[in-house]
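Peer 1: Return a 3D structure for these sequence lines:
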Amino acid sequence: MSGELAHVLDALDEHIRHAITTGDRRGYFAVLYRRVTQKVEQGIEDGFFDDAERMVRLDAVFAERYLDAMAARDVGAPATASWELTFDAAEQRRPLVLQHLLVAINAHINLDLGIAAAECSPGEQLPGLRRDFDRINAILAAAIGTIQADLTRISPWIGMLDRVGGRTSTELIRFSIVTARAGAWRFATELDAVPAAQRAATIAARDAAVARVGQRVLAPGGALSTTLLAVGLRERRDVAANIRALLGTPPPSLEDAIAALGTLDAAP
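Peer 2: Numbers count the residues shown, from 1 in each chain. Purely as a prediction, here's the structure:
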């Protein structure tokens with residue numbers, strides 16, 4: 001394992017241990033993201049990616065944006081608006097575990113992944129990153145596919161979302177990944193094209209837009225908001241127990257990721 005990915009996994013393990021001890025809802029996404037990072041590491045070793053060295057660099061930069069946002073929050077320093085929204089939600093009882101996962105995925109893919117891609121493969125290198133960029137999204141989609149049973153145990157009424165939104169909880173997250181993947185790649189190409197002096201403003205504008213998406217995840221309005229409140233009545237509120245349940249989920253295989261990649265490729 002590379003030193004960079006070992007550092008990321010160690011940091012995630014520490015966040016998860018802390019979340020179990022303190023009841024920190026940020027631990028929900030940390031568990032999911034650890035599973036993704038571990039599978040990326042396996043993919044690098046097994047030749048799943050076109051350029052292993054580049055993928056180590058991309059995954060490390062991508063993860064550090066999340067870890068840096070967590071560290072900033074812990075010391076009271078500002079993070080990006082999309083992560084601040086996610087962390088604020090983690091301090092509230094009402095959002096479902098599903099919503100915590102969705103709003104964190106929104107911040108990390110819709111904002112962080114595009115920034116990491118533009119940083120790791122600037123200029124003429126960026127088009128060559130696309131296949132591996134899609135593969136890291138496929139691993140995330142595959143990881144999501146393994147948690148459906150645990151979400152159902154945590155939220156026995158989560159099936160109510162099917163009747164309102166027409167999608168299962170896993171399908172909702174997969175849909176968010178499909179949509180975010182396309183937007184993140186467009187953002188990476190846009191960011192790469194702007195002069196260095198304009199990058200901060202471009203990132204800030206994107207961050208504000210991503211935060212607005214996150215707000216809709218947390219408060220969609222209408223019948224869906226009412227349904228989310230009803231689902232929450234039966235959702236288990238023991239954060240430590242929920243994190244342990246997610247930790248017990250079998251990890252996805254690279255075959256799962258290949259299948260997920262086909263789903264992503266078939267999306268408009």
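Peer 1: give the contact list for residue 111.
Peer 2: Shown in contact with residue 111 (Cβ atoms under 8 Å, 6 or more residues apart in numbering): 80, 82, 187, 203, 206-207, 210. C-beta: built from backbone N, CA, C; applies to glycine.
Peer 1: Of the residues you listed, which pair is most distant in space?
Peer 2: Using Cβ to Cβ, the contacts of residue 111 span at most 13.2 Å, a distance reached by 80 and 187.
Peer 1: And the pLDDT at the residue nearest to the spatial centre of the chain?
Peer 2: Nearest to the mean C-alpha position of the chain, counting by Cα atoms, centre = their mean, stands residue 105 at 2.8 Å. Reading off the confidence values, residue 105 has pLDDT 92.
Peer 1: Assign it to helix, strand or coil.
Peer 2: Secondary structure for residue 105, judged by DSSP: H, G, I helix; E, B strand; the rest coil, is helix.
Peer 1: and the gap between it and residue 5?
Peer 2: Going from residue 105 to residue 5 by Cβ to Cβ, to the nearest Å gives 20 Å.
Peer 1: How many residues are close by the closest residue to residue 85 other than its chain neighbours?
Peer 2: Distance criterion Cβ to Cβ, 6 or more residues apart in numbering; nearest residue to residue 85, sequence neighbours excluded, is residue 214 at 4.6 Å. Close neighbours of residue 214, defined as other Cβ atoms under 10 Å, add up to 27.
Peer 1: ok, now residue 51?
Peer 2: For residue 51, the neighbour count with other Cβ under 10 Å is 16.
Peer 1: wait, doesn't it sit right on residue 132?
Peer 2: Yes. Using Cβ atoms under 8 Å, residue 51 is in contact with residue 132, at 6.4 Å.
Peer 1: list the buried ones in the helix or strand encompassing residue 29?
Peer 2: Assigned by DSSP states H and E, residue 29 belongs to helix 27-46. Buried residues in helix 27-46, counted by 16 or more other Cβ atoms under 10 Å: 27-44.
Peer 1: What average pLDDT does that helix get?
Peer 2: 93.
Peer 1: State the distance from residue 186 to residue 126.
Peer 2: To residue 126, residue 186 is 12 Å away according to Cβ to Cβ.
Peer 1: Between those two, point out the one with more neighbours.
Peer 2: Neighbour tally, residue 186 and residue 126, criterion other Cβ under 10 Å: the higher count belongs to residue 126, 19 against 11.
Peer 1: Skip the chain neighbours and tell me the closest residue to the more buried one.
Peer 2: Nearest non-adjacent residue to residue 126, counting by Cβ to Cβ, 6+ apart: residue 192, 5.4 Å away.
Peer 1: and what of residue 19?
Peer 2: Nearest to residue 19 is residue 27, by Cβ to Cβ, 6+ apart, at 2.5 Å.
Peer 1: how close does residue 236 sit to residue 160?
Peer 2: 16 Å.
Peer 1: Which neighbouring elements make contact with the helix holding residue 29?
Peer 2: When contacts are defined as 3 or more Cβ pairs under 8 Å, 6 or more residues apart in numbering; DSSP states H and E, helix 27-46 sits against helix 3-22, helix 52-74, helix 97-107, helix 130-145, helix 239-247, helix 254-266.
Peer 1: tell me the average confidence for stretch 137-152?
Peer 2: Rounded mean pLDDT across stretch 137-152 is 82.
Peer 1: what sits against residue 36?
Peer 2: Per Cβ under 8 Å, 6+ apart, neighbours of residue 36: 136, 139-140, 143.
Peer 1: ok, of those, which come out buried?
Peer 2: In the contacts of residue 36, the ones that pass as buried (16+ other Cβ under 10 Å) are 136, 139-140, 143.
Peer 1: any idea of the angle the host helix or strand of residue 211 forms with helix 97-107?
Peer 2: Using DSSP H and E, residue 211 falls within helix 196-218. Angle between the axes of helix 196-218 and helix 97-107 is 170 degrees (criterion: axes from the mean of the first three to the mean of the last three Cα atoms, to 10 degrees).
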